[in-house]
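Student: Give me a model of this one.
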Amino acid sequence: MPVERWSVIHVESLAPDAPSVRAARALSGSASWSSAGRLDDIVWGVCRSYQVCVDLAGPAFKCSCPSRKIPCKHALGLLMFWAESDVSGAAAPAFAVEWQAARAARAEARPRAAATPDPVAAARRVEQRAERVAGGMAELHRWLDDQVQQGLAGAQRGGHQPFETMAARLVDAQAPGAAGAVRRLGSIAGIGPHWADRLLGELALLRLLVSGHERLSELTPELAATVRSRVGFPVATEDVLAGPRLSDRWQVLGQVDTDDGTLTTRRTWLHGATHERFALVLSFAAAGQTLAADLVPGTEFRGDLTFYPGSAPLRALVASRDSAAEPFRSPDGATDPGTALAGWASTIAAEPWRYDAPVLLAGVTPTDDGWLADETGAALPLAAGHREPWWLLAASGAAPATVAAEWSPSGLRPLAAWVDGGYVPAAPPLPDPGTTRSPELPSEMLAAALVGTGRRPWTGVSSLLDAAAVALAARRAAVMPATGRSGVPAAPPETSPALPYAAGRRLARILADGVPGGSQLAQELLSQWLAAAAERGGHVPPSTLPTLLEAGRRNSILRPAIAQVAARRGRWLAGMRADWRWLRDEAATSAEAPEPSATSDDVWQTGSLGERLGHLAALRRTEPGRARELVESTWATESSDDRARFVGALRTGLSLDDDAFLDRALDDRRREVREAALELLRGLPGSSLGARMAERARAAVQVEHRRIGADRLIVTPPEELTAELRRDGVGATPARGTGVSAWLLEEVVAGAPLAVWGDPATMLKLARGTDWELPLLHGWAKAATAQSDTTWATALLGQASAGLRESVRWDLHLVLPSDELGRLAAEALRREDGMANRLLALHSGGWPDELSVAVIETIAHRARTDRHTWQLGELCRAAAVSMPPSYADPVGRLALQLDQEPADQSRVRPVADLARALIFRREMFEELQH
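Tutor: Numbers count the residues shown, from 1 in each chain. This is a model prediction of the structure:
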């Protein structure tokens with residue numbers, strides 16, 4: 001049967017580690033592959049002279065790169081390229097044909113199965129192993145009795161070494177299952193709350209296993225198989241596949257990977273739609289190797305499974321597939337919590353050593369205290385690390401959902417949920433130190449076990465360990481759902497449309513650092529995506545909200561755009577968590593805030609800070625005067641932080657009507673309030689502050705028009721820093737190397753409206769060569785920056801740049817028009833000026849064409865001639881986020897040219913990464929335009 005095209009999730013599951021996934025994503029675009037195609041079940045490609053082949057039927061991998069990872073990033077990148085856009089139908093090159101032939105030859109040359117082994121020798125080996133295991137289990141019996149007789153309190157002092165010693169003996173006795181159980185005891189003794197309860201329970205279950213092994217011949221075949229499996233007797237795959245088959249439509253519910261340092265284990269849970277039977281498929285991989293990825297969560301297939309023998313058989317093998325894997329809308333056979341626990345009780349009754357089992361819950365909703373409840377109030381607790389299921393709340397909006405999970409005495413460990421017909425994987429567990437575990441065994445048993453039966457004999461009808469095993473199994477099997485629980489109130493319905501599906505997938509990829517350039521570019525790309533999405537309108541996929549809110553918590557620059565695309569679901573979610581409530585405040589003050597009603601001024605008296613700011617912002621857009629009056633009405637009772645926020649909110653609808661109030665705010669006792677008022681007044685044409693500063697500036701600097709000779713400036717700086725100057729924002733601390741008089745002159749000129757001076761070229765000419773040239777230049781430069789005057793900024797940088805302090809000079813660049821700043825940067829690049837990189841960093845937004853062409857020319861030159869690749873890398877990283885995406889094709893062609901030249905690959909790689917980043921951005925913007 002031909003191999004169906006894989007999904008990207010399928011490809012990612014093959015990766016040996018997360019860095020390989022990120023590196024592969026950077027190679028998944030067409031620009032990375034000079035040629036690619038498919039030969040039967042083999043996908044081949046050429047990436048930077050590396051020859052890559054993947055046999056989909058294996059899968060098996062071959063790449064000429066030196067990486068020791070299997071599969072390498074090139075093989076994964078080729079698979080992602082095939083999964084997302086397919087590959088061309090080009091004729092296969094010789095290396096692909098030869099590899100296919102070599103694999104076929106090796107398969108043909110594999111030795112045939114050996115002749116039937118000698119049954120007598122085989123029986124003798126089985127008998128010898130049984131004897132060794134019996135001896136090891138007898139020693140384990142004595143060791144368990146010794147632990148209880150001497151008291152578990154001694155285990156707390158002994159540490160893990162006694163358990164390691166006993167485990168080693170069981171390994172020698174060829175009982176690896178029992179050895180692993182003993183070894184795990186070392187991580188329990190003396191560690192965490194109720195450790196004695198947990199240790200006694202595990203010792204009791206081991207004692208039950210020993211008893212079962214001693215009575216193997218008396219047990220039913222199914223229970224005997226379970227005991228043998230727990231002891232460590234292997235079951236050959238061939239024997240399992242030869243057993244009865246169960247045909248069904250198997251739905252893959254979820255996966256859990258665990259890594260003990262040397263071996264990675266993947267547990268994949270399946271559920272039969274017709275027979276409503278669960279199945280567990282295990283796969284293993286040594287360090288650096290890939291796990292099997294043929295079972296993709298959220299998909300289903302028709303086929304046969306064969307189960308390992310046992311009293312409660314769950315582990316299975318996929319014997320055959322009769323259809324391709326396809327997504328399904330929701331799993332069949334979901335039940336209520338009570339029915340799910342009844343199935344758990346049956347499992348424990350059949351196999352008391354089992355610690356967890358799958359459940360499929362229908363119509364459940366998270367509560368606000370760590371439970372999943374259905375509409376009747378029946379609820380099951382979530383396990384530690386899963387008690388705050390933000391992923392489920394975001395995806396479902398607290399509407400009832402179907403949830404697949406592993407149930408254990410510690411609670412539910414969710415695997416996935418299905419919301420509106422879509423599969424939502426569970427988030428990984430989070431540290432949860434506040435969760436405590438209740439004891440499972442009676443206190444009298446624990447007391448006797450801690451002291452030791454040698455000092456406090458156990459008086460029960462059976463041994464202490466036997467009684468503990470019965471009590472533990474009975475407690476676990478008898479657990480019932482809690483009642484009277486109610487889920488979180490549902491989120492309000494969205495009023496804005498959803499963003500395009502492809503754009504939502506792109507956002508999820510950016511949030512996972514799955515972008516060209518990795519995390520170094522992810523933040524800037526996220527900012528660009530959010531800005532474009534906010535401009536387009538619409539809301540993000542709900543499942544991305546937790547990660548998006550975390551990004552906004554860490555980076556306040558992203559918050560305004562997030563507030564626009566998070567929509568009502570995001571604000572609802574943010575209200576449940578204190579460190580996400582910034583979203584509610586941000587959304588309240590955004591342009592999307594609802595218009596105020598005639599009676600909504602009550603919010604000003606009773607609302608939270610965010611609600612009051614939102615009301616103020618909305619009111620300023622329609623009735624700015626009434627909004628200012630609200631602020632004035634409670635001004636005396638507000639905290640200093642709130643006063644500063646309210647002053648800042650007056651920026652919307654700012655006019656001369658606000659001048660008197662803002663001027664009074666200059667007398668506030670808190671510096672934050674005064675600075676907020678100064679910032680608004682300096683940008684308000686005609687303000688009283690501007691008039692006062694203009695009057696001072698005219699008194700300090702006058703133009704003398706002479707009949708004979710050129711005009712000249714007469715400068716009379718302020719004599720001292722008066723209280724009035726301080727009130728109007730004149731700083732008290734001069735810049736280094738500046739005298740007091742020069743500093744006061746500079747500050748007065750900086751605070752005056754530039755309209756006072758007339759033509760900038762004339763004033764700069766008059767100031768040149770005078771004793772007060774530097775303070776005048778710096779004052780005009782500060783004023784141009786504060787008032788965003790491009791005419792003055794251009795004149796100052798063109799005629800007086802050398803005389804300005806560096807910090808003031810670079811601030812002026814921020815005022816320049818984009819084209820002018822781009823022209824300066826392009827000129828600096830062409831003359832190899834060291835300031836070029838700083839100019840590029842100052843240039844916000846998309847680069848103009850002149851600058852983009854200059855950057856490409858510089859990249860080509862540096863890739864061929866520079867000895868230090870870090871300069872090339874820095875330039876490419878800057879271009880990746882600022883160069884227009886339309887230059888992706890020219891940059892891609894440059895990367896191919898460099899790759900074909902005898903150049904160092906370390907010089908080619910940054911250029912190829914730049915091409916991929918530009919393609920990524922081009923696709924990102926195109927997706928948001930649909």
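
Student: Just the strands from the stretch 151-300 of the chain, written as ranges.
Tutor: According to DSSP state E, counting those that start in this stretch, the stretch 151-300 of the chain carries its strands in the segments 246-259, 263-272, 278-286, 299-307.

Student: ok, how many other residues are close to Glu218?
Tutor: Glu218 is flanked by 9 other residues according to other CB atoms under 10 Å. C-beta here means a position set from N, CA and C on the backbone, and glycine is covered the same way.

Student: roughly how far apart are it and Ala498?
Tutor: According to CB to CB, to the nearest Å, Glu218 and Ala498 sit 63 Å apart.

Student: Any chance you could list what contacts the helix or strand bottoming out on mean pLDDT in the chain?
Tutor: The least trusted helix or strand in the chain, going by mean pLDDT, DSSP states H and E, turns out to be helix 8-12, with a mean of 74. Applying CB atoms under 8 Å, 6 or more residues apart in numbering, the contact partners of helix 8-12 are Val21, Ala24, Leu76, Leu79, Met80, Ala83, Glu84, Ala293, Val296, Pro297.

Student: and the residue lying closest to the fifth one once chain neighbours are set aside, what element?
Tutor: Here the nearest residue to Met80 in space, its sequence neighbours aside, is Ser28; by CB to CB, 6 or more residues apart in numbering that works out to 3.7 Å. For Ser28, there is no enclosing helix or strand under DSSP states H and E.

Student: what's near enough to touch Ser28?
Tutor: Gly77, Met80, Phe81, Glu84.

Student: The last one falls within a helix, correct?
Tutor: In other words, Glu84. Yes: inclusion of Glu84 in a helix is indicated when DSSP: H, G, I helix; E, B strand; the rest coil is applied.

Student: Tell me which residue is most central in the chain.
Tutor: Ala512 (4.6 Å; CA atoms, centre = their mean).

Student: so how far is Pro542 from that residue?
Tutor: Ala512 is 16 Å from Pro542, where distance means CB to CB.

Student: swap in Leu776?
Tutor: Remark: distance between Leu776 and Pro542 (CB to CB) = 57 Å.

Student: show me what contacts Met80?
Tutor: Val8, Val11, Ala24, Arg25, Leu27, Ser28.

Student: now for the longest helix along the chain, which elements pack on it?
Tutor: In the chain, with assignment by DSSP state H, the single longest helix is helix 119-150. For helix 119-150, the packing partners by 3 or more CB pairs under 8 Å, 6 or more residues apart in numbering; DSSP states H and E come out as helix 161-172, helix 176-185, helix 195-214, helix 464-477.

Student: What lies in contact with the last one?
Tutor: Outside of helix 464-477, the residues within contact range by CB under 8 Å, 6+ apart are 144-145, 148, 200-201, 203-205, 207-208, 211, 344-345, 348-349, 352, 409, 440-442, 445, 448-449, 453, 458, 460-462.

Student: Make a PyMOL selection of whichever of those turn out to be buried.
Tutor: Remark: buried members of the contacts of helix 464-477, expressed as a PyMOL selection using 16 or more other CB atoms under 10 Å:
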select buried, resi 144+145+148+200+201+203+204+205+207+208+211+344+345+348+352+409+440+441+445+448+449+453+458
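
Student: if I pick Gly136, what's in contact with it?
Tutor: Contact analysis of Gly136 by CB under 8 Å, 6+ apart lists Arg169, Leu170, Asp172, Ala173, Gln174, Ala175, Ala178.

Student: From those residues, list just the buried residues.
Tutor: Judged by 16+ other CB under 10 Å, buried ones among these: Arg169, Leu170, Ala173, Gln174, Ala175, Ala178.

Student: Farthest-apart pair in those residues, please.
Tutor: Across the buried ones among the contacts of Gly136, the longest distance by CB to CB is 11.0 Å; it joins Arg169 and Gln174.

Student: For the helix or strand containing Ala448, enumerate the helices and strands it packs against.
Tutor: Using DSSP H and E, Ala448 sits within helix 443-451. Contacts defined by 3+ CB pairs under 8 Å, 6+ apart place helix 443-451 against helix 195-214, helix 464-477.

Student: Export those to JSON lines and append columns for mean pLDDT.
Tutor: Formatted as JSON lines, the helices and strands packed on helix 443-451 follow (pLDDT from 0 to 100):
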{"stretch": "helix 195-214", "mean pLDDT": "94"}
{"stretch": "helix 464-477", "mean pLDDT": "94"}
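
Student: sorry, back to before: which residues belonging to the longest helix of the chain are considered buried?
Tutor: Val133, Ala134, Gly136, Met137, Glu139, Leu140, His141, Trp143, Leu144, Asp145, Gln147, Val148.

Student: With pLDDT and distance to Arg643 as extra columns, can I get the buried ones among the contacts of Gly136 in JSON lines?
Tutor: Formatted as JSON lines, the buried ones among the contacts of Gly136 follow (pLDDT from 0 to 100; distance: CB to CB, whole Å):
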{"residue": "Arg169", "pLDDT": "93", "distance to Arg643": "74"}
{"residue": "Leu170", "pLDDT": "92", "distance to Arg643": "72"}
{"residue": "Ala173", "pLDDT": "91", "distance to Arg643": "77"}
{"residue": "Gln174", "pLDDT": "90", "distance to Arg643": "77"}
{"residue": "Ala175", "pLDDT": "91", "distance to Arg643": "74"}
{"residue": "Ala178", "pLDDT": "93", "distance to Arg643": "71"}
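
Student: Closest to Pro381 out of the residues you listed?
Tutor: If you rank the buried ones among the contacts of Gly136 by distance to Pro381 using CB to CB, Ala178 comes first, at 30.9 Å.

Student: check contacts around the closest one.
Tutor: By CB under 8 Å, 6+ apart, the contact set of Ala178 is Gly136, Met137, Leu140, Leu170, Leu206, Leu209, Arg230, Val231, Gly232.
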